[in-house]
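S.K.: starting from these lines, generate the structure:
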Amino acid sequence: MTLLPDVDETRVDQETDAGYPAGVATAGSRLRGNLSPDVDFGAGVELALAASNHLFNARNAPRYVAQVLQGVNAVATKLERTSQPFTGVGPAEMKSRVDAVDLDRPLPDTAAALDELQDTYLRDAVYFHDAKYAAHLNCPVVIPALVGEAVLSAVNSSMDTWDQSAGATMIERRLIDWTADRLQLGSEADGVFTSGGSQSNFQALLIARNHAVAELRLDPANAGLRLPALLDKLRIFTSEDSHFSIRKSASMLGLGFDAVVSVGCAADHRMDPAALAEAIAAAHAAGLVPMAVVATAGTTDFGAVDPFTELAALARGYGAWFHVDAAYGGGLIVSNRYRHLLDGIRLADSVTVDFHKTFFQPVSSSAILVRDGGMLRHVTYYADYLNPEAAARAEIPNQVDKSIQTTRRFDALKLWLTLRIMGADAIGALLDEAIDLAARVGTVLSADPDFELAAEPQLSTLVFRYRPVLADGTRLSEDLADSLNPAIRAAIFASGEAVMAGTKVADRHFLKFTLLNAEATLEDIREIIELVRRAGESLAGTATAGESAAAAREAHA
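M.R.: Residues are numbered from 1 along each chain as shown. Okay, here's the model as predicted:
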């Protein structure tokens, strides 16, 4: 193996290639937009030659190493010096800084661009690795995946056809097989990587729609009807706590938002099989067609895992597609202690898994898997200039045949290197720590009279609100708590000391912790709870004083 030479990063980045004519302007000055539209041909050639210094190729390999190392060092240094997840910067200030950049005047070198990036991005980024980031389903990422990100970005494979991806195609296919095996979907399972859970859910429902339409076309009464006429009676059944992408997908598929039937949940926020049975029977009796039942493995707010076995049986009984959105809970396939929560998922016709949530991968990295690989034909389209049908007959593995995307990144490499360097059990151990922490935090909140816990934690999320017991023994009013909790969240976010999410339960405002950091401790989360308490006390005092003053003014009037 040939090793790249040691490189002076600054020198390589700034110098003009020795092969270019002496006495010409530097690369930086030529790229600042100083050339007039009628510039002579020779100057244009020099500009192109200078620009070629920035192309990733064998000649520029030392330059590539030097500049990437500068970027890596900038991020690592910033991370080492960051003591809280956010700075509290506001949108107006951030917009002003970014708008001040003249994009038509490039900077002289990478070092200068990275210095500028401190002000426009790095200093004020939200850092998910921090123990006091507890907002959304953003995970701290593992280093092997970052190595994969660097490799895949540089090689830049496009995952649509074999002649653009070769080994990358086989790695992605192997990881699909590995995931399907962990899900116990059977030997005929297949799938493809996607950009995220929303796209995976969309593709699953597109397949379900086309499968249902194919069945409808078998009825002679539907002969000659175009697709729009066949869609009107299709219905999707999903939990009232399911992800918004189910409704959004229905709209994009031409079904409309109202094609999604919201099914009630039990007290633990899992879809109620009895409620589904009632809803699906009523729809069928009304002449509607149950197209799909969508269960969730890890709802966004409560981490609830629906009862798959019962739901699958109901879907089968009406010939409906059974999809499981495991964007959040999919990581349980590598859990060492909580894998049983996915019992019954093997009955799914399709499953969404987000590796960039509970597998600790950088975005984007998701997959859609189907139990019957043949169902992927519902998204297949052949183009002579890209993936001709003859290539499929020759068994050339063009991944675009399975995907609703054409150009697509080799995101599977990140997971591949993570498994090869860390192993599946190590990934699972990280997730288990997060789930265990959520349980401990739930105990703390349940015992604290200043807080109400909306439900016991099931994965790594906790929904709660600040609603203290007052001196007279009553709790803070619902209405005041409803206005207070969003204000608490906003105040803490503006301070930058912690970041948490918010949601609604029964149309009331709540706060939410999403815990995915295996290095966060109970003490870290206790500190956020104390921030909430202090902010709540301060804001509640201000609100109470305001109410008293208003009442006094009204009485005086």
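
S.K.: secondary structure class for the nearest residue to V469 once chain neighbours are set aside?
M.R.: Leaving aside its chain neighbours, V469 sits nearest to P449 (4.7 Å; criterion: Cβ to Cβ, 6 or more residues apart in numbering). All C-beta atoms are positioned from the backbone trio N, CA, C, and that covers glycine. Going by DSSP: H, G, I helix; E, B strand; the rest coil, the secondary structure assigned to P449 is coil.

S.K.: tell me the pLDDT of P449.
M.R.: Note for P449: predicted pLDDT of 96.

S.K.: so it makes contact with L470?
M.R.: No. With contact defined as Cβ atoms under 8 Å, P449 and L470 do not form a contacting pair (10.2 Å).

S.K.: so the two - more neighbours on which side?
M.R.: L470 (12 against 9; other Cβ atoms under 10 Å).

S.K.: number of nearby residues for the residue lying closest to that one once chain neighbours are set aside?
M.R.: Nearest residue to L470, sequence neighbours excluded (Cβ to Cβ, 6+ apart): L476, at 6.3 Å. A total of 21 residues lie near L476 under the criterion other Cβ under 10 Å.

S.K.: for L476, which residues are in contact?
M.R.: L476 makes contact with 466-468, 470, 484, 540, according to Cβ atoms under 8 Å, 6 or more residues apart in numbering.

S.K.: and for E452?
M.R.: Contacts of E452 (Cβ under 8 Å, 6+ apart): 464-465, 467.

S.K.: can you tell me which of those are in strands?
M.R.: Within those, residues falling in strands by DSSP state E are 464-465.

S.K.: picking that back up, filter the contacts of L476 to the buried ones?
M.R.: Among the contacts of L476, those buried by neighbour count (16 or more other Cβ atoms under 10 Å) are 466-468, 484, 540.

S.K.: any chance of JSON lines for these, columns pLDDT?
M.R.: Output for the buried ones among the contacts of L476, formatted as JSON lines (pLDDT from 0 to 100):
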{"residue": "Y466", "pLDDT": "98"}
{"residue": "R467", "pLDDT": "98"}
{"residue": "P468", "pLDDT": "97"}
{"residue": "L484", "pLDDT": "98"}
{"residue": "A540", "pLDDT": "91"}
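
S.K.: need those in CSV (columns: distance to G303).
M.R.: What follows is these, written out as CSV (distance: Cβ to Cβ, whole Å):
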residue, distance to G303
Y466, 21
R467, 22
P468, 26
L484, 25
A540, 29
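
S.K.: those residues in helices, which ones?
M.R.: Among these, the members found in helices (DSSP state H) are 484, 540.

S.K.: for the helix or strand A43 falls within, packing partners?
M.R.: Assigned by DSSP states H and E, A43 belongs to helix 41-51. Helices and strands touching helix 41-51, by 3 or more Cβ pairs under 8 Å, 6 or more residues apart in numbering; DSSP states H and E, are helix 27-30.

S.K.: tell me the contacts of D160?
M.R.: D160 sits next to 386-387, 398-400, 403, 405-408 when contact means Cβ under 8 Å, 6+ apart.

S.K.: do that again at 6 Å, thanks
M.R.: Taking Cβ atoms under 6 Å, 6 or more residues apart in numbering, we find D160 in contact with 400, 406.

S.K.: and for D130?
M.R.: Listed by Cβ under 6 Å, 6+ apart, the contact set of D130 reads P85.

S.K.: quick thing: my sequence starts at 2, can you match it?
M.R.: Noted, 2 is the first residue going forward, which turns the last one into D131.

S.K.: hang on, it in a helix?
M.R.: No. In this structure, D131 is coil, not part of a helix, as judged by three-state DSSP.

S.K.: from Q85, how far off is it?
M.R.: Per Cβ to Cβ, to the nearest Å, D131 is found 6 Å from Q85.

S.K.: and of the contacts of E453, the nearest to D302?
M.R.: Checking the contacts of E453 against D302 with Cβ to Cβ, the nearest one is F465 at 11.2 Å.

S.K.: return the distance of the closest one relative to I247.
M.R.: 26 Å.

S.K.: so A298 makes contact with G330?
M.R.: Yes. Counting by Cβ atoms under 6 Å, A298 does reach G330; the two are 3.5 Å apart.

S.K.: need the residues touching each of the two.
M.R.: With Cβ under 6 Å, 6+ apart as the test, A298 and G330 both reach V306.

S.K.: spatially central residue for the chain, please.
M.R.: Centrality entry for the chain: nearest residue to the mean C-alpha point is G197, 5.5 Å, by Cα atoms, centre = their mean.

S.K.: count of neighbours near the closest residue to that one other than its chain neighbours?
M.R.: Nearest non-adjacent residue to G197, counting by Cβ to Cβ, 6+ apart: S367, 4.7 Å away. A count of nearby residues for S367, using other Cβ under 10 Å, gives 25.

S.K.: I'd say S367 and S201 touch.
M.R.: Yes. S367 lies in contact with S201 (Cβ under 6 Å); the separation is 5.1 Å.
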